[in-house]
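Undergrad: fold the following and give me the result.
(one chain, ligands or ions: 1)
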Amino acid sequence: MSKPSVLITRKIPEPALQILQKHCDCEIWEETDTPVPRDVLKEKIQGKDGLYVLITDRVDAELMDQATSLKVISTMSVGYDHIDIHTASQKGIAVTHTPGVLTETTADLTFALMMAAARRITESERYLREGKWETWSPMQLTGQDIYGKTLGIIGMGRIGEAVARRATGFDMKILYHNRNRNEAAEKRVNASHVSLQTLLKESDYVCVLTPLTPETHHLIGEAELSLMKPSAILINSSRGPTVDEQALYRALKEKKIWAAGLDVYEKEPIGPGHPLLELDRIVLLPHIGSASIETRTRMAVMAAEDLVAGLTGQKPVHLVNPEVWNQGT
Ligand code: DGY
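TA: Residues are numbered from 1 along each chain as shown. Got it, this is the predicted structure:
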């Protein structure tokens, strides 16, 4: 019996590749460590049974129309806003992702961003490297305390709760805002559910951890930033478009909020010439929330296992659209 054919859109960790190669005929885009060009993707997807993608690949209706044999799409990410799930479901294509495995690693990075922004870590390092450190002085590079402050989490899901757990070790008061209350998490991390307005007004740290959906696009804009304290710090490690970057730029420039820490951007990647790079009071990271060796390897393996499962008739464990499976993929 012939093996299912799979397109892998980037060089992936070896353990994941081995799983795929054992069970599937694999074609891999590994010419460069950049996303496969759209026209190449549209051509290579034809005739494939499975597609292994990353967050940098847009899988929309136009692409799926080229892929008449496609049965399973597996993304090496927990987020799946780059995939048109509605169209995939309509076409009977199962979609899998990697929830859970990156929770603690992303929470570590979120907390690191908070600490770096509060204590001006990257700014201080630039100061030293640029030869500006001539003496110790009383208020030089002073930042904000973290312990005992109020943390507002927008999106108390798995990662939100893991960030809150870390915050309890810093004696922080924890507020959160969700569309639906998460009473189990409230009890576990001693958090209070409040309106978005209350969270923005009362928090010293506002962490955006909500998935990107049409409802959360620009959830934090000018009006929301203007509710925050002038000493407050905004952290975003969810998806860039949850925050209106132009409004954030203005709020930082006009000192309406004290600092920010971002791991994600409205349009990635960003680089020289981006307005946010002009600002000192912002920590900017290149979307590395889940980037530990262990976690990225586990994510890659998990996506491979689910793709193989789906293509060999077993129900993948981490289905985004389980209804498709029930209809008999
Ligand atoms: C995800 O998994 O959605 C992250 O953004 C990348 O780890």
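Undergrad: so how far is Val6 from Glu31?
TA: 17 Å (Cβ to Cβ, to the nearest Å). For every residue, glycine as well, the C-beta is placed using N, CA and C.
Undergrad: next: Val320.
TA: Using Cβ to Cβ, which is the criterion applied here, Val320 is 18 Å from Val6.
Undergrad: so if I had to pick from those two, which one is more boxed in?
TA: Val6 (24 against 19; other Cβ atoms under 10 Å).
Undergrad: who does the more buried one form a beta bridge with?
TA: Counting by DSSP bridges, Val6 is bridged to Cys26, Gly50.
Undergrad: who's in contact with it?
TA: Contact analysis of Val6 by Cβ atoms under 8 Å, 6 or more residues apart in numbering lists 20, 24-27, 48-52, 307, 311.
Undergrad: apply 10 Å and report the result again.
TA: For Val6, the contact set (Cβ atoms under 10 Å, 6 or more residues apart in numbering) comprises 20-21, 23-28, 48-52, 72, 74, 304, 307-308, 311.
Undergrad: which of those count as buried?
TA: 20-21, 23-24, 26, 28, 48-52, 72, 74, 304, 307-308, 311 (16 or more other Cβ atoms under 10 Å).
Undergrad: which strands or helices does the one helix or strand Ile153 maps to pack on?
TA: If you go by DSSP states H and E, Ile153 is part of strand 150-154. Under the contact definition 3 or more Cβ pairs under 10 Å, 6 or more residues apart in numbering; DSSP states H and E, strand 150-154 sits against helix 103-118, helix 158-168, strand 173-177, strand 191-193, helix 196-202, strand 205-208, strand 233-236.
Undergrad: give me the subset of the buried ones among the contacts of Val6 lying in strands.
TA: Residues of these located in strands (DSSP state E): 26, 28, 50-52, 72, 74.
Undergrad: turn those residues into TSV, including pLDDT.
TA: Formatted as TSV, these follow (pLDDT from 0 to 100):
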residue	pLDDT
Cys26	97
Ile28	96
Gly50	98
Leu51	98
Tyr52	98
Val72	98
Ser74	98
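Undergrad: before we move on, the earlier item: partner strands of the strand holding Ile153 and their direction?
TA: According to DSSP bridges, strand 150-154 forms sheet pairs with strand 173-177 (parallel), strand 205-208 (parallel).
Undergrad: looking at these, which is closest to the ligand?
TA: Among the strands paired with strand 150-154, strand 205-208 comes nearest to the ligand, with 12.9 Å by Cβ to the nearest ligand atom.
Undergrad: please save the CA atoms from the closest one in PDB.
TA: This file holds the C-alpha atoms of strand 205-208, laid out as PDB (Å, rounded to 0.1, in the frame of the first residue of the first chain):
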ATOM      1  CA  TYR A 205       1.000  45.100  34.600                       C
ATOM      2  CA  VAL A 206      -1.500  44.200  31.800                       C
ATOM      3  CA  CYS A 207      -0.700  40.900  30.000                       C
ATOM      4  CA  VAL A 208      -2.500  40.200  26.800                       C
END
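Undergrad: distance from whichever helix or strand comes after that strand to the middle of the chain?
TA: Next helix or strand after strand 205-208 toward the C-terminus (DSSP H and E): helix 222-227. Averaging C-alpha positions (Cα atoms, centre = their mean, to the nearest Å) puts helix 222-227 23 Å from its chain's average.
Undergrad: which residues does helix 222-227 contact?
TA: Residues outside helix 222-227 that contact it (Cβ under 10 Å, 6+ apart) are 154, 196-203, 206, 218, 220, 232, 234, 243-244, 246-248, 250-252, 254, 256-257, 260.
Undergrad: one more: stretch 177-194?
TA: 150-158, 160-168, 172-176, 195-203, 206, 210, 215-216, 219.
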